[in-house]
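K.L.:
the sequence and its predicted three-dimensional model are supplied below.
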Amino acid sequence: MNPAPLTSLLTSLLLGQTTPAGPPAPPPAPPAEEEAAPSALEALVSRLKVEGGVDVYYGYNFNRPADGASFIPGTGTTAKRDNEISLNLASLGVSLEPAPVGFRVLVGLGTSMEVVHAAEPEGTAIGPDVWRLLQQATLSYAHGPLLLEAGVYPSHIGLESFQTQLNWTYTRSWMGELSPYYQTGLKGTWTFSEAWSAQLHLLNGWQTIGENNRGKALGTQVAYAGERLSAAFNTFIGEEGSGDAAGLRLFADVVATYEVTDTFSLAATADVGTQRRPGLDAALWYGAGLNARVQVARPVAVAARAEFYNDRDGLISGTAQRLVEGTLTLEVKPAEHLVLKLEARHDRSTADVFGGAETNAEGTPVPRSTQTLVVAGATAWF
């Protein structure tokens, strides 16, 4: 027998026993743990949002009104006080995004809050002192394209917001001052598409939380929001006033904003309203305004506004008059949540309605037909 195959076999067995084994294979990795689902409390906290802001100003009225108040009584939700560094609005609130139930509560103080609630009807558990700190309080419910809100919420009427940082100018127009900033009731919003929506409101009345009559009001809105053009048609119908002075009020408002270029925008608004008056002809008022804004550089913008307002019978402003105003505003935004505005404004009326430096025998300012303001405002928010 040939010994070579046997020798080769023995050699292979010997080498296989003496060759060191490689490192042991690592144990299999444990299966990755699935990320724990957020608890109900964590999901709730993630929907909560805290918000607030501070809006301060210095206003100088060249009339030097003896009582230190600019604008006409019941108006002036910005820069109301003359020759003072003053607080226009400090607000703080919390909101919960509806999924499907949510809410928003916002409180504030300052000269704007005193002015905006001044016309609240007096009575048991109602009146300016009761609501003076309340800016908004709503409960909401969302289901598909439908959003329901109940409580005190911003008005659907007009171009301007009660919050200064959302407006092109610092002071507000006469159409803004003489129409509701807030309303109380139930609002339903139906979103038809990304561009079209509609609203229906059941309201206590015209910028009122408390009621002063047995009637209720209805409000509507049809709105379009495109890439460059946004527009809305708003209405209000309801019994306004109390006692023998109550009458049906009809009001319509059109608002449009157009982004002409990336740096130049225009906005226009028009109002018309009428109200029945027992024993008298129906009262009539109307107005129109044009706004322009140019983004000069990234932090700097310039805005201008021209407006005409005719309160033929004095029902809305308290005096039969025609008001015109022109406003020029320089805006600087040095940080994302800080805006500075320097503004010049001139108002003219066909009646003597603006406070002057002289006083009469009763100590009240002798009125004048014009006023000119210079206002510097700073608004920070989060």
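P.N.:
Arrived safely, thanks for sending.

K.L.:
quick check, E114 in contact with D129.
P.N.:
No - contact between E114 and D129 fails when scored by CB atoms under 8 Å: they sit 10.5 Å apart. Placement of C-beta: from N, CA and C, glycine included.

K.L.:
which one of the two has more residues nearby?
P.N.:
Just comparing E114 and D129: by other CB atoms under 10 Å the higher neighbour count belongs to E114, 14 against 10.

K.L.:
buried stuff in the helix or strand harbouring the more buried one?
P.N.:
Per DSSP states H and E, E114 falls inside helix 111-116. Within helix 111-116, the residues that count as buried by 16 or more other CB atoms under 10 Å are T111, S112, M113, V115, V116.

K.L.:
and what of stretch 246-262?
P.N.:
Residues of stretch 246-262 classed as buried by neighbour count (16+ other CB under 10 Å): A246, G247, R249, F251, A252, D253, V255, A256, T257, E259.

K.L.:
what mean pLDDT does it get?
P.N.:
Averaging pLDDT along stretch 246-262 yields 97.

K.L.:
contacting residues around it?
P.N.:
With contact meaning CB atoms under 8 Å, 6 or more residues apart in numbering, stretch 246-262 is reached by 157-159, 179, 206, 213, 215, 217, 227-241, 265-278, 282, 295.

K.L.:
strand partners of the one helix or strand T257 maps to, parallel vs antiparallel please.
P.N.:
Using DSSP H and E, T257 falls within strand 247-259. Sheet pairing for strand 247-259, assigned by DSSP bridges, gives strand 229-240 (antiparallel), strand 264-277 (antiparallel).

K.L.:
residues contacting the spatially most central residue of the chain?
P.N.:
Nearest residue to the geometric centre of the chain (CA atoms, centre = their mean): S161, 4.0 Å. Contacts for S161 (CB under 8 Å, 6+ apart) come out as P154, N167.

K.L.:
did I read that right, it in a helix?
P.N.:
No - according to DSSP: H, G, I helix; E, B strand; the rest coil, S161 belongs to no helix; its state is coil.

K.L.:
where does the closest residue to A270 other than its chain neighbours sit: helix, strand or coil?
P.N.:
Of all residues beyond its chain neighbours, the one nearest A270 is A288 (4.5 Å), with distances taken as CB to CB, 6 or more residues apart in numbering. Secondary structure assignment for A288 (three-state DSSP): strand.

K.L.:
what does the model give A288 for pLDDT?
P.N.:
In this model, A288 is scored at 98, pLDDT.

K.L.:
how close does it sit to G123?
P.N.:
According to CB to CB, to the nearest Å, A288 stands 36 Å off from G123.

K.L.:
same check, this time on N291
P.N.:
The gap separating N291 from G123 is 38 Å, by CB to CB.

K.L.:
can you check R277 too?
P.N.:
To G123, R277 is 23 Å away according to CB to CB.

K.L.:
from the buried residues of helix 111-116, pick the one nearest Y170.
P.N.:
The shortest approach to Y170 among the buried residues of helix 111-116 belongs to S112, at 11.6 Å (CB to CB).

K.L.:
buried ones in stretch 48-65, by neighbour count?
P.N.:
For stretch 48-65, by 16+ other CB under 10 Å, it's G53, V54, D55, V56, Y57, Y58, G59, N61, N63, P65.

K.L.:
my bad, stretch 66-74
P.N.:
A66, G68, A69, S70, F71, I72.

K.L.:
which of A288 and G123 has more neighbours?
P.N.:
A288 (16 against 11).

K.L.:
for the more buried one, which residues are in contact?
P.N.:
A268, T269, A270, D271, E307, F308.

K.L.:
possible to save these as a markdown table with neighbour count, distance to L87 and pLDDT?
P.N.:
Shown next, in a markdown table, are those (neighbours: other CB atoms under 10 Å; distance: CB to CB, whole Å; pLDDT from 0 to 100):
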| residue | neighbour count | distance to L87 | pLDDT |
| --- | --- | --- | --- |
| A268 | 16 | 32 | 98 |
| T269 | 24 | 28 | 98 |
| A270 | 16 | 33 | 98 |
| D271 | 25 | 30 | 98 |
| E307 | 20 | 26 | 98 |
| F308 | 16 | 31 | 98 |
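
K.L.:
does the residue nearest to R312 when sequence neighbours are not counted sit in a helix, a strand or a coil?
P.N.:
Once flanking residues are discounted, R312 sits nearest to L284: 4.9 Å by CB to CB, 6+ apart. Look at L284: counting by three-state DSSP, its state is strand.

K.L.:
now do L284 against P334, distance only.
P.N.:
The spacing between L284 and P334, counted by CB to CB, is 45 Å.

K.L.:
these two - which one has more neighbours?
P.N.:
More crowded of L284 and P334, by other CB under 10 Å: L284, with 15 against 9.

K.L.:
distance of that one from N310?
P.N.:
8 Å.

K.L.:
quick one: the strands in the stretch 1-150 of the chain?
P.N.:
Counting by DSSP state E, counting those that start in this stretch, the stretch 1-150 of the chain has strands at residues 48-61, 84-96, 101-109, 134-143, 146-154.

K.L.:
quick one, which of those strands is nearest to T329?
P.N.:
Closest approach to T329 among the strands of the stretch 1-150 of the chain (CB to CB): strand 48-61, 12.6 Å.

K.L.:
helices and strands around the closest one, which ones?
P.N.:
Helices and strands touching strand 48-61, by 3 or more CB pairs under 8 Å, 6 or more residues apart in numbering; DSSP states H and E, are strand 84-96, strand 370-381.

K.L.:
and those: which comes nearest T171?
P.N.:
Comparing those by their distance to T171 (CB to CB), the top pick is strand 370-381, with 6.3 Å.

K.L.:
quick one on the thing from earlier: ok, the buried residues of helix 111-116 vs R322, which is closest?
P.N.:
Closest to R322, out of all of the buried residues of helix 111-116 and judged by CB to CB, is V115, at 22.4 Å.
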